[in-house]
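K.L.:
A structural model of the following input is requested.
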Amino acid sequence: MSKNSSANSLKRFLLIRTDRIGDTILTLPAVTALRSQYQDAFIAFLAQPYTVPLIEQYVGIDISLSYEPHGRHKGWQGLSKLSHELQELNFDAALLFYPRVKLAFAIAKAGIPVRIGTGYRWYSFLLTERIFEHRKDCQKHEAEYNFSLLESLLPDKNPQPQYKFKQWLPEPWWEDFRTVLNSKDYVIVHPGYGASAPNLNNEQYRLIIRLLLEKTDWTVLLTGIAGEENLVHEIAADFPEERVKRVVGRFSLAEFFSVVRNASLLISSSTGPLHMANAADTPLLGFFCPAKPHTPDRWGPYDQQQWVVTPDLDWPEICELKNCPHGGCLHHLSDVEITEALCTQRLNNL
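P.N.:
Residues are numbered from 1 along each chain as shown. A predicted model of the protein is given here:
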């Protein structure tokens, strides 16, 4: 943005993040920071349709928009439709947190005056303000990389990422859920991961469940998304059904977030539910690969980094997920290390 331009003259903002749940959650603090500076502004958030129900629970967003690249926004005709939709909303500024050529083209074609995003793409000429940071270097957290796009909009400010969700209120389904739980407290164990980062193996998750059953009187919710039924059933095998509940594809995203918000603890690897827990201030325990690009330095739970467990491996510097020289780095965490992290440290600090 030109120094001669007045940031305070901007009234209508579009924030764009169209990838996964965890990535989207790590972008939401940008809404809080913008809203603090532009209290009367109109703020819209463009996201994947399946993340919209979560975005709608966030404070400070006036309208949630769906990007449907395989539906009504498919192809160049669909992209033209998206551009027209954005043009009708008369935005003053667009922030492209997840760089994609079609989205950069759409906001340029929509005539949005201020267009902010990375400077390291061949199509960055479509933006009016370019940020020259290589996120793959993992020099800071993803939430902080997102805040880099706000710098010209928040002159002389240095905000820290903060979450602000709407107040939770129980819906009719909640009482039925509590009845099924048959317990006041519950812990979520989420073994799915979408193949996007290293994960614990089934036996390590079974160890975690055994320890939870021994050390607490909580119900264990073993969760997964549609398509992870076999994984959840394999891990849950032989555990008492009254204590270990298999929950696969049962909840909508909005409902699952309610479950996360009210949990006593959530345990997972680098997943969307882990970031949901951090955003909701739910205690967590996360397991991460120490290497780039999966390092918790960039992708860990922003406010609960002290509850991240990584194997003690100093190579390779760059994770080779599909050809890991360690055969899966998290598999090197011993039973003793997992027990120490969960029982001695995490459970004793709740």
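K.L.:
By mean pLDDT, flag the weakest helix or strand of the chain.
P.N.:
Lowest on mean pLDDT, DSSP states H and E among the helices and strands of the chain sits helix 172-181, with a mean of 92.
K.L.:
Can you tell me the strand partners of the helix or strand following that one and which way each runs?
P.N.:
Scanning forward in sequence from helix 172-181 by DSSP states H and E, the next helix or strand is strand 186-190. Applying DSSP bridges, strand 186-190 is found paired with strand 219-224 (parallel), strand 265-269 (parallel).
K.L.:
ok, how many other residues are close to E203?
P.N.:
For E203, the count of nearby residues is 11 (other Cβ atoms under 10 Å). Glycine gets a C-beta too; all of them are placed from N, C-alpha and C.
K.L.:
Make 55 the starting number, not 1.
P.N.:
In the new numbering, first residue 55, that becomes E257.
K.L.:
Let me know the distance separating it from P245.
P.N.:
E257 sits 11 Å away from P245, going by Cβ to Cβ, to the nearest Å.
K.L.:
Helices of the stretch 105-254 of the chain, start to end?
P.N.:
106-109, 129-142, 155-163, 196-202, 226-235 (DSSP state H, counting those that start in this stretch).
K.L.:
If I average pLDDT within each of these, which one is lowest?
P.N.:
Ranked by mean pLDDT, the helices of the stretch 105-254 of the chain end with helix 226-235 at the bottom, a mean of 92.
K.L.:
list the buried ones in that helix?
P.N.:
In terms of neighbour count (16 or more other Cβ atoms under 10 Å), helix 226-235 has its buried residues at F231.
K.L.:
Report the backbone C-alpha coordinates of it in PDB.
P.N.:
Provided in PDB are the C-alpha atoms of helix 226-235 (Å, rounded to 0.1, in the frame of the first residue of the first chain):
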ATOM      1  CA  PRO A 226     -30.800 -29.900  21.600                       C
ATOM      2  CA  TRP A 227     -28.400 -32.700  20.500                       C
ATOM      3  CA  TRP A 228     -26.000 -31.900  23.300                       C
ATOM      4  CA  GLU A 229     -28.100 -33.500  26.100                       C
ATOM      5  CA  ASP A 230     -28.400 -36.700  24.100                       C
ATOM      6  CA  PHE A 231     -24.600 -36.700  23.600                       C
ATOM      7  CA  ARG A 232     -24.000 -36.200  27.300                       C
ATOM      8  CA  THR A 233     -26.300 -39.100  28.100                       C
ATOM      9  CA  VAL A 234     -24.400 -41.400  25.700                       C
ATOM     10  CA  LEU A 235     -21.100 -40.300  27.300                       C
END
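K.L.:
got the contact list for that helix?
P.N.:
273, 299, 309, 312-313 (Cβ atoms under 8 Å, 6 or more residues apart in numbering).
K.L.:
which stretch among the helices of the stretch 105-254 of the chain comes nearest D77?
P.N.:
Proximity to D77 (Cβ to Cβ) singles out helix 196-202 among those, at 7.3 Å.
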